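In: sequence plus the predicted model coming up.
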Amino acid sequence: MRIANIYNLGIKELRGLVRDPMMLVLIVYAFTAAIYTASKALPETLNHAPIAIVDEDQSPVSSRIVTAFYPPYFTAPLLISQPEMDSRMDSGMDTFALDIPPNFQRDVLAGRSPTVQLNIDATRMSQAFTGGGYIQSIVSGEVNEFLNHYRSKASLPVDLDLRARFNPELNKGWFGAITDAISSITMLSIVLTGAALIREREHGTIEHLLVMPVTPFEIMTSKIWSMSIVVLVASGLALVLVIQGLLSVPINGSIALFMVGAALDIIAMTCMGIFLATVAGSMPQFGLLLMMVLLPLQVLSGGVTPRESMPLAIQAIMFAAPNTHFVMLAQAVLFRGAGLDVVWPQLAALLVIGTLLFAFSLRRFRQFLK
Amino acid sequence: MNARPDGVAAAFSSRQVARLENVGHVYGKARALDAISLDFPAGCMVGLIGPDGVGKSSLLSLIAGARTIQEGHVEVLGGDMADPRHRQSAYPRIAYMPQGLGKNLYPTLSVFDNVDFFGRLFGHDRQERERRIGELLRRTGLAPFADRQAGRLSGGMKQKLGLCCALIHDPDLLILDEPTTGVDPLSRRQFWELIGEFRKSRDGMSVIIATAYMEEASRFDWLVAMEEGRVLASGTPADLLERTGAADLDAAFIALLPPEKRGGHETVAIPPRPTDADGVSAIEAAHLTMRFGDFTAVDDVSFRIGRGEIFGFLGSNGCGKTTTMKMLTGLLEPNEGKARLFGREIDPHDIEVRRRVGYMSQGFSLYSELTVRQNLELHARLFGMAEALIPSRVEEVARQFGLADNVDKLPEALPLGIRQRLSLAVAMIHSPEVLILDEPTSGVDPVARDGFWRILADLSRKGNVTIFVSTHFMNEAERCDRISLMHAGKVLVSDTPASIVASRSAATLEEAFVGYLEEATGQVEPDAPSSAAQPMPPAETPGTADRHPRKNRAGRFFDLRRMFAYTRREALELARDPIRATLATVGSLILMFVVGYGINMDVENLCFAVLDRDGTTISRDYTLQIAGSRYFTEKTPITDYADLDRRMENGELSLAIEIPPGFGRDLARGRQVTIGAWIDGAMPARAETVLGYVSGMHAGWLTQKARELYGDAAAASAFQLDIRYRYNPDVRSLDAIVPAVIPMLLLLIPAMLAVLSVVREKELGSIINFYVTPVTRLEFLVGKQIPYVVLAMANFVLLTTFAVLIFGVPLTGSLPTFAAAALLYVIATTAMGLFLSTFMSSQIAAIFGTALITMIPATQYSGMIDPVSSLQGAGALIGRIYPTTYFVTISRGVFSKALGFADLSGAFMPLLVAIPVLLGLGAAFLRKQAR
């Protein structure tokens, strides 16, 4: 092994990338516009949840309830008739439909405890869960306040002071920006190395390298370091300029620590790119394989939905993916301000997975060259 | 067919088949053609001669209509080629075979299917096609190989197949761009005999040919000599010889060159090799055999090459030359036999051997993204030259190989001849003792070739470098000290050129070679039965009877037969690549499993811990209320704030609760108390759910305590809220997610396949068939789309079946409605892929771009998780125009909401609109000609 060869071949990779304007545009896009729109598009908690109300009571208390729903959490409620309710929900126009029965106010005052019906479109899981709780507390709040004018009720004087740490307003955009940056890191690391290797083979240049005194180890390492640098620099700039600057997401922890984690993750991912390229026979096959690998990595790494909610088998399998650990590390460092004392297990896991992937890919790569 | 009266057109075309006026062409900054004015006489063989990169190919592609005319006026078959209407009517009368072996063929398709595809493009019906294909294959001797894949044919056979494809529609003008480059002499001879036969049977067919072989050119009727995008001279071969007073065309061409170009040219004279050579053998091969599967590429080959010898290797493409060379460089390990370099056995793992060998592979395989200097420097460094020596060595080599003027240019900007010199320079940079050169001069013009050989002679005679070179050119073979003739993996003969000629008592080496080949093909395998040996069929002209229907067809804007030609071809290619089809179907099932189980909104088993500063029964009771729910799992109690911070920071706790001191006492006395709770907000969606759970449990605990303290009446609430989770009463994530995953997968995979189907043709060159045939843009796009729509529908059936049977998601609505919507949707998603493909030129960019453009909108903006009405900004806009949004609505409606067509008609409209819009955009942006 000669360090100089690894260095020289890596420089060659970088020069090649500079001459591919389309690729550069895509890299820039992935780390700027893609992150920006993803962050801006994600609704903050409950945003403009479509709600419609069937007010069969038309009383002061029912109108109190109607006026209690307003943007940005909900759309201004649409007053509809009962028959309309079903068709609107069928066509997906409303997520929630609240039906206030006739004589609601009278029954409440008489202590008959009437029933308000809340229909939730449960195919919209995200809104269904959070929205249901919100609506319940809004309606009870209005009814109780109304009742307080009439009679007082014995209750326990216990308050619950609930606070969200690290992201007090539960701003989804912050989270979305980081998740998207991680997605871009994963995608680019795999695509840049994998596709570059396939292109070299399709153009016959890989063969040319093999008649020279360079080893497969040197060829592979050169691809890994050069592409890793590109992705690392791009993600660092994206973090500082786009996420911290443009989107003003507060970063609580150490950016340096995050970058160390990112570097380990990128190295592991580039190894995976090499592996995929050795498996794929042609570009179309690589494209399909890429989809097959990227999507699970993105969806199941804990960046989109919490890991705890996944079946145990998937949790176990995904524990072997570098992404999973990187997502944990990124959340801990960037949001919770965790230090090395907290995230060292993730760093260690990334190191182990990276080393194994490297060794495995190198073996595949050697076979592939024959 | 054109504006001229028919009589005039006929009279015109009898004189000239094509006419160029002031034609120019530039690629970026490089000028390929410069003010060319030429008349091509009709009904004869016209040859374009000149070095590589002088614009021959550009000129031919302009005449064929494959390239947009930039400057000047091109008139072909009596009409202006800049006029799309004339082009459309002229395509069926022109046939174009681009440069490169089998460039416009489809390697995975069989010989028959290739010709059949072209027949369909020109609108022949089944009977007509079978008759024509049968005849063409018989005449070219390809009939026995009708079922063989085109990619597995030898170079000569590929070119014959290309000729079949070109001649299927009886063109009036046949354009051949270097048809015999890289083809062995026997196949070359047969190729020209075929052309002669076809010209006899189709009276008056004009042929325009670009060629690098001067001896071929001397047999043409009329020649155009070109240099640097200009015409040097034109006339009959005899004219040219007379004008220059040269003995042969090679010399005549050199004489026609401007003096500064000619400068320094002299005939190559290689001094005889000193006979007192030291007898050390540089390369020794003994019984080398290489098999790939059941195909024997190299069969028991042995030879010995002395130090400083120039050893030539001759043979047709695919005869095993390259494989033998690769075994000598250690790139391939022979199945049997041994190869030695300077007496040492070649060990593919021995890096040291590689330092003594320089290898130049077939075709240009250096880095086109690095400049000449960067290429040289990189290789010098890789061979471990001392950094201090590199600049001077690069300088020296650049001078020696005539690269000094171009050191800072990119190889792509250089003519092939210079690129080949660069390849040799790179192979020589570390001063190796052995040079292995695989067809180094293929496609290089005579002047450059002579220059190249002078360098080789120098290296051999002065540097005592051993040179092992393969070539197609007989005059190059004659310059070698010894040559081997190879055919079908075997060495036919190995000797000095003179003794080979003498042994067959032939006049020239070529004749001797052809003799050996004929002898070998007679015995070995009927690789290409010589057409000359067979009686030719009576010359019939099949074209005349059905000319008229064909022409009517050509003018049509949309022709089903042409469209289905592309459909059939694409489907065949897909069928021949089972990995792609399997990945597309099985892969999407795997993805459905992953996403179905992975995206889970049910938040359970959240970890929480309590900092209990009270420690009474009542505080414990509060904790148990939370710990008892299925949503939360209690961890060891928190000891202090530092512990709380640490455990929340590392994500161990999603919820931390602090119960203040004196909680029980204060509660009993009716004093206001406050419980503190912290939620991990790093993941907002989860935090939101936790928030709901905790408030609910807190309220539940209060009601329960109130009931205990004050009786049932106090606990009775003012009203009941009856929550009905509609469509998904069990609130199963799977039921909500799976119907949304199907639309996502039916976008990602079909779009990716559709993009690559077009971009791949662009990258590999077969797109040229679209440029020069009457196929319209819409026929091309829709034709390519159909197989992928069918594949996607199969995928749809598979996914839906799995959703119902394996995931147990009930399908409550109308299945026919769902299927109809799916069909519209996959047409839209494949159309989206085709539209994207018009912007992409490399497969890498296509893959990356498509992943970026489809994946994020499909997962985030199409209502899969958050409804589109709740999105904002650009995301909301994308969500509203993205077809996936509407198919998600339909899918959920049919799966969960028991809906039929009447309820969902609103969501069908956007899909119906998307198809013509996307296809229309695709057709509008797709180029029918190269730039």
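Out: Happy to help now that I have it. Numbering: from 1, shown residues only, chains lettered A, B, ... in the order given.
In: can I see the domain layout of chain A?
Out: A:3-42+A:171-369, A:51-148 (automatic domain parsing).
In: actually, chain B.
Out: B:6-265, B:288-523, B:560-596+B:732-925, B:606-715.
In: picking up where we left off before, out of the domains of chain A, the one nearest B:Y622 is which?
Out: Nearest of the domains of chain A to B:Y622, taken as C-beta to C-beta: domain A:51-148 at 19.8 Å. Every C-beta, even on glycine, is put in place using the N, C-alpha and C of the backbone.
In: between the domains of chain B, which one is nearest to chain A?
Out: Among these, domain B:560-596+B:732-925 comes nearest to chain A, with 2.3 Å by C-beta to the nearest C-beta.
In: for that closest one, how far is the first residue from the last?
Out: 22 Å (C-alpha to C-alpha, to the nearest Å).
In: quick one: average pLDDT of it?
Out: Throughout domain B:560-596+B:732-925, pLDDT has a mean value of 89.
In: got the residues of the stretch 201-350 of chain B near chain A?
Out: Counting by C-beta under 8 Å from any C-beta of the partner chain, the stretch 201-350 of chain B comes close to chain A at B:T329, B:G330, B:L331, B:E333.
In: buried subset of those residues as a ChimeraX selection?
Out: Per 16 or more other C-beta atoms under 10 Å in any protein chain shown, the buried members of those correspond to this ChimeraX selection:
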select /B:329,330,331
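In: make CSV out of the residues of the stretch 201-350 of chain B next to chain A and add secondary structure.
Out: CSV is the format used below for those (DSSP: H, G, I helix; E, B strand; the rest coil):
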residue, secondary structure
B:T329, helix
B:G330, coil
B:L331, coil
B:E333, coil
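In: Serialize the residues of the stretch 201-350 of chain B next to chain A to TSV and add fields for pLDDT.
Out: Listed next are those as TSV, based on pLDDT from 0 to 100:
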residue	pLDDT
B:T329	82
B:G330	79
B:L331	78
B:E333	82
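In: closest to B:K762 out of the residues of the stretch 201-350 of chain B next to chain A?
Out: B:L331 (29.8 Å).
In: between the domains of chain A, which one is nearest to chain B?
Out: domain A:3-42+A:171-369 (2.3 Å).
In: how long is the closest one end to end?
Out: 21 Å.
In: looking at this, B:F608 is in a helix?
Out: No. Counting by three-state DSSP, B:F608 falls outside a helix, being strand.
In: what about the residue nearest to it when sequence neighbours are not counted, how many neighbours?
Out: Of all residues not flanking B:F608 in the chain, B:L655 sits nearest, at 3.8 Å (C-beta to C-beta, 6 or more residues apart in numbering or on different chains). B:L655: 24 surrounding residues under other C-beta atoms under 10 Å in any protein chain shown.
In: which residues does B:L655 bridge with?
Out: With DSSP bridges as the criterion, B:L655 is bridged to B:F608, B:I679.
In: read off the pLDDT value for it.
Out: 90.
In: quick check: it touching B:L606?
Out: Yes. In this structure B:L655 lies within contact range of B:L606 using C-beta atoms under 8 Å: 6.3 Å.
In: which residues does the residue nearest to B:D680 when sequence neighbours are not counted contact?
Out: Excluding the flanking residues, the one nearest B:D680 by C-beta to C-beta, 6+ apart is B:S654, at 4.9 Å. Contacts for B:S654 were tallied using C-beta atoms under 8 Å, 6 or more residues apart in numbering or on different chains; they are B:L606, B:C607, B:F608, B:I679, B:D680, B:R686, B:A687, B:V690.
In: looking at those, which two lie furthest apart in space?
Out: Farthest pair in the contacts of B:S654, by C-beta to C-beta: B:C607 and B:A687, 13.7 Å.
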